[in-house]
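Engineer: Turn this into a model:
(one chain, ligands or ions: 1)
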Amino acid sequence: MSAPVIIVGAGMAGLACARSLHRAGRSFQLFEAASALGGRVRTDITEEGFRLDRGFQVLLTAYPEVHRQINRGRLQPRAFRSGAIIRLPDGQETILRDPLRDPRAAVAALRAPIGSLTDKMRLGVFVAGLLGRDANALLSESSISTLDFLRRQGWSEEIIARFFVPFFGGVFLDRSLSGPAGFFKFVFQQFVLGRAVLPALGMQRLPEQLAEALPKQSVHLGARVETVSSGGVRLSNGQFREGSHVVLAVEGSSAHRLLPAIPAPEGWRKTTCLYFAAAHSPGKGDGYLRLNATTDPVVHNVCFPSDIAPEYAPRGSTLVSASVHGGHALDEATLLAKVRLDLAAWFGEAAMKWRHLRSYELPFALPTGPQALPAARLTEGVYVCGDHTAYPSLNAALATGRLTAEAILLQN
Ligand SMILES: Cc1cc2nc3c(=O)[nH]c(=O)nc-3n(C[C@H](O)[C@H](O)[C@H](O)COP(=O)(O)OP(=O)(O)OC[C@H]3O[C@@H](n4cnc5c(N)ncnc54)[C@H](O)[C@@H]3O)c2cc1C
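Structural biologist: Down below sits the predicted model:
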């Protein structure tokens, strides 16, 4: 019997790697520093029964790795309505329905005050062009920034400001749209091909599902790895654990600390998610994500997760999620006061009475910068995977974890 594969980090990448190894009958030992698995995909349950994802995020059902690795039915996915409600610079809202799913919405979409008719025709042609494309091919296309790409394609500043910035700025946590256009095309395609969903019991059901079949004795929580070598890892309690291979499935900054040969991310996209409890649903159950296209908004997007998945709130309450992107130098109370004012301007005075439940400030939400290091063997016996080796997405974490396991299995 060869020594087990050592996996460091039980986020989506580490769990995907563990699952693939386990399915192939290969033994592994997984060490996770935190007290629970999931990495950046965690859900807290309050005493009252609100389910609070640690930062607003959604699963796109079209992701190729979701089809490969996730049992979607068992997640009990609750889908957002396709499209979005956009708060325009004058404070009015417009509903942007998806004409592909609701052909009757095409006329309304053409009339929506988010850009010229030419912009919308161009959007239709662009979306049609994405449909038959290979997702991986899209990812490796156009290294220019998304904003430059949109401008070069001829879209007006109006549709950029009223649609692309609020929508994709929310996905990328970056309203400057400075990330690569290839990733933008991939994400756009995934939104068109599938649905944005929340698992009924919270996003953490994703890592939990990956971990379900893993042998309990192979998963160690609260186990921080301090040093890494090709023969194994040393834990913070001083123990050395031998491995045939070591897989670093930690986020980019930790990977760089453990092995300086791994480039650190250039930076991190930041976000803060504030949760409130409301007595009534301000969205009246319409199921749309709400995007803010006003100039320099405080709150970038809002949704009512319990309208999508009633399991997110105790009966009789509505959960409100408001996201603020980017860094801010505000203390929690000041940020909360600013957010409340913005929400009151958007949803009326009732928003001042929404009960603040919790805020999650996430300075390390998405890594930025060119991914200099494809998921692969780093040195003899040491592998690296995770979103920082590809692009910032659940699909990347799942894919790189699986591919790393397959590379190891090929050697045996
Ligand atoms: C707020 C937010 C919103 C997002 N929205 C979306 C979205 O809508 N759609 C989408 O596709 N993606 C989204 N993402 C991105 C997605 O969540 C990540 O790309 C993915 O979860 C990264 O997984 P990972 O396994 O690569 O890294 P991580 O989840 O960061 O896992 C790394 C793990 O390594 C552990 N670790 C670190 N150092 C050590 C050590 N020394 N010893 C042991 N363990 C260690 C950490 O504790 C962690 O559990 C979002 C992320 C955030 C934060």
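Engineer: C-alpha from now on. contacts and neighbour counts both.
Structural biologist: Will do.
Engineer: Show me where the stretch 201-350 of the chain has its strands.
Structural biologist: Secondary structure of the stretch 201-350 of the chain (DSSP state E, counting those that start in this stretch): strands at 219-220, 225-229, 232-235, 240-242, 245-248, 267-278, 290-292, 301-303, 318-325.
Engineer: which regions of this protein lie under the pLDDT threshold?
Structural biologist: 1, 103-104, 106-108, 370-378, 412 (pLDDT under 70).
Engineer: tell me which parts of the stretch 1-150 of the chain are close to the ligand?
Structural biologist: Neighbours of the ligand within the stretch 1-150 of the chain, by C-alpha under 6 Å from any ligand atom: 8-14, 31-34, 37-41, 55-59.
Engineer: near the ligand, which residues of the stretch 251-400 of the chain?
Structural biologist: Within the stretch 251-400 of the chain, the residues that sit near the ligand (C-alpha under 6 Å from any ligand atom) are 251, 254, 365-366, 386-387, 392-395, 397.
Engineer: Okay, and which of those residues map to helices?
Structural biologist: 254, 394-395, 397 (DSSP state H).
Engineer: Mind telling me the two of those residues farthest from one another?
Structural biologist: 254 and 395 (20.3 Å; C-alpha to C-alpha).
Engineer: between the two, who's got more neighbours?
Structural biologist: Neighbour tally, residue 254 and residue 395, criterion other C-alpha atoms under 10 Å: the higher count belongs to residue 395, 22 against 16.
Engineer: wouldn't the more buried one be in contact with residue 61 here?
Structural biologist: No - under the criterion of C-alpha atoms under 8 Å, residue 395 makes no contact with residue 61, lying 10.1 Å away.
Engineer: Could you pull up the residues touching residue 355?
Structural biologist: Residues in contact with residue 355 (C-alpha atoms under 8 Å, 6 or more residues apart in numbering) are 276-278.
Engineer: who's in contact with the residue nearest to residue 115 when sequence neighbours are not counted?
Structural biologist: Distances taken as C-alpha to C-alpha, 6 or more residues apart in numbering put residue 159 closest to residue 115, at 4.5 Å, once the chain neighbours are dropped. Residue 159 makes contacts with 114-116, 119, as judged by C-alpha under 8 Å, 6+ apart.
Engineer: Looking at the residues you listed, spot the one nearest the ligand.
Structural biologist: Checking those against the ligand by C-alpha to the nearest ligand atom gives residue 114 as the nearest, at 23.3 Å.
Engineer: Buried members of the contacts of residue 355 into ChimeraX, please.
Structural biologist: Of those, the buried ones go into a single ChimeraX selection, burial set by 16 or more other C-alpha atoms under 10 Å:
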select :276,277,278
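Engineer: coming back round to it: and the residue nearest to residue 115, how far from residue 118?
Structural biologist: Distance of residue 159 to residue 118, given as C-alpha to C-alpha, to the nearest Å: 10 Å.
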